[in-house]
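Trainee: got a structure for you, letters missing:
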């Protein structure tokens with residue numbers, strides 16, 4: 001059995017959005033400590049590379065990239081009220097994207113069956129010409145475009161379980177039938193998008209699936225949604241690749257979310273996606289770090305997902321019938337919205 005690949009690097013500490021900012025360097029520091037303790041016989045640490053400007057421009061405008069590059073001359077620059085850069089941020093952003101592309105290359109080459117890119121800053125809110133929500137470059141969207149252009153991928157599933165809706169990723173592929181974007185997120189909540197009737201447009205109609213969840217959903221609710229919606233939709237789409245925007249801010253300890261997911265819940269969701277990858281995509285699945293702002297919850301949740309990548313048989317998936325009843329009206333409405341597209 002080949003080992004999962006893990007991308008992480010000290011350089012990701014250099015992005016400094018300012019004192020008191022939730023997206024702080026300590027998020028990577030605790031994960032560096034975690035990965036240093038990993039059994040080298042079970043995981044392969046992959047050094048990141050910097051993405052090229054051409055790769056970034058798969059999903060971002062040239063003028064926007066130039067703006068971000070210009071912030072390298074400023075000690076601090078506010079792209080918006082939440083997204084603050086320092087002199088090193090542009091370079092760190094390139095390394096974050098490049099780290100994910102490095103993982104995709106390793107999986108494509110058969111060096112690793114799957115893996116996790118532990119990079120920062122996050123990316124799923126970044127629009128083509130706008131930074132927002134701590135995000136400069138939309139790393140997972142660039143990764144999907146990279147797979148299409150470099151490896152000829154025709155069907156890519158992006159699963160986004162961050163507590164916030166990935167509006168930037170949705171926007172990137174809203175008219176693109178080659179990417180099925182599925183998002184579970186707290187709703188209504190930042191950034192305000194992600195209603196169930198946002199389904200895509202033009203040729204991409206039906207290829208955006210939003211699962212807006214009420215605050216307070218925990219493991220039982222998430223696993224019911226994965227079982228009843230995410231897995232069936234993914235299996236019907238039959239992706240050649242699965243990319244996961246793995247935000248850990250649905251954790252019950254997270255200061256920015258209002259959900260109740262535990263480490264065991266994240267591991268179970270990962271296991272369910274890994275099983276889809278076994279069936280549809282020749283095991284090709286790559287996880288990318290998005291949110292997660294309680295350090296202990298982040299470290300332990302990442303550890304749980306890493307364990308699932310290596311030993312999913314040890315992970316239990318417990319479906320709670322009462323949770324199914326609570327969410328059944330929502331699940332049924334989403335099924336009705338999308339039944340005409342499948």
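Mentor: Cool, got the structure. Keep in mind that this is a model prediction, so the values were computed, not measured.
Trainee: Report the distance from the helix or strand harbouring residue 157 to the chain centre.
Mentor: For residue 157, the element it lies in under DSSP states H and E is strand 156-160. Once both centres are worked out by C-alpha atoms, centre = their mean, to the nearest Å, strand 156-160 turns out to sit 8 Å from its chain's centre.
Trainee: next one: stretch 262-282
Mentor: The chain centroid and the centroid of stretch 262-282 are separated by 14 Å, computed with C-alpha atoms, centre = their mean.
Trainee: And that stretch, what's buried?
Mentor: Buried residues in stretch 262-282, counted by 16 or more other C-beta atoms under 10 Å: 262-274, 276-277, 280-281. Bear in mind the C-beta positions are built from the backbone N, C-alpha and C, glycine included.
Trainee: Next: stretch 58-67.
Mentor: Those buried within stretch 58-67 under the rule 16+ other C-beta under 10 Å are 58, 59, 60, 64, 65.
Trainee: Quote the end-to-end distance of it.
Mentor: Counting by C-alpha to C-alpha, to the nearest Å, the length from the leading to the trailing residue of stretch 58-67 is 16 Å.
Trainee: Contacts made by that stretch with the rest, please.
Mentor: 53, 56-57, 126, 128-130, 137-138, 141-142, 145-146, 149, 172 (C-beta atoms under 8 Å, 6 or more residues apart in numbering).
Trainee: Rounded mean pLDDT for that stretch, please.
Mentor: Across stretch 58-67, the average pLDDT comes to 98.
Trainee: That stretch: how far from the chain's middle?
Mentor: Between the mean C-alpha position of stretch 58-67 and that of its chain there is a distance of 21 Å (C-alpha atoms, centre = their mean).
Trainee: next one: stretch 144-156
Mentor: Computed by C-alpha atoms, centre = their mean, the separation of stretch 144-156 from the middle of its chain amounts to 17 Å.
Trainee: likewise stretch 221-240?
Mentor: Averaged C-alpha coordinates place stretch 221-240 at 16 Å from its chain's average position (C-alpha atoms, centre = their mean).
Trainee: do the same with stretch 242-251
Mentor: Here stretch 242-251 shows a centroid-to-chain-centroid distance of 5 Å under the convention C-alpha atoms, centre = their mean.
Trainee: before we move on, what about stretch 167-176?
Mentor: When C-alpha coordinates are averaged (C-alpha atoms, centre = their mean), stretch 167-176 and its chain have centres 14 Å apart.
Trainee: Distance across that stretch, terminal residue to terminal residue?
Mentor: With C-alpha to C-alpha as the measure, stretch 167-176 spans 15 Å from end to end.
Trainee: buried ones in that stretch?
Mentor: Judged by neighbour count (16+ other C-beta under 10 Å), stretch 167-176 contains these buried residues: 167, 168, 169, 170, 171, 172, 173, 174, 176.
Trainee: same for the longest strand along the chain, what does it pack against?
Mentor: Longest strand of the chain, by residue count under DSSP state E: strand 179-186. For strand 179-186, the contact count by 3 or more C-beta pairs under 8 Å, 6 or more residues apart in numbering; DSSP states H and E identifies strand 156-160, helix 167-172, strand 208-213, helix 231-237 as packing neighbours.
Trainee: between it and strand 156-160, how many degrees?
Mentor: With axes from the mean of the first three to the mean of the last three C-alpha atoms, to 10 degrees defining the directions, strand 179-186 sits at 10 degrees from strand 156-160.
Trainee: returning to that earlier point: which one, of the helices and strands packed on strand 179-186, ends up nearest to residue 92?
Mentor: The closest of the helices and strands packed on strand 179-186 to residue 92 is helix 167-172. By C-beta to C-beta, the value is 18.1 Å.
Trainee: Summarise which helices and strands the closest one is packed against.
Mentor: Contact partners of helix 167-172 among helices and strands, from 3+ C-beta pairs under 8 Å, 6+ apart: helix 139-151, strand 179-186.
Trainee: Turn the ones you listed into JSON lines, columns for mean neighbour count and mean pLDDT.
Mentor: What follows is those, written out as JSON lines (neighbours: other C-beta atoms under 10 Å; pLDDT from 0 to 100):
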{"stretch": "helix 139-151", "mean neighbour count": "23", "mean pLDDT": "98"}
{"stretch": "strand 179-186", "mean neighbour count": "26", "mean pLDDT": "98"}
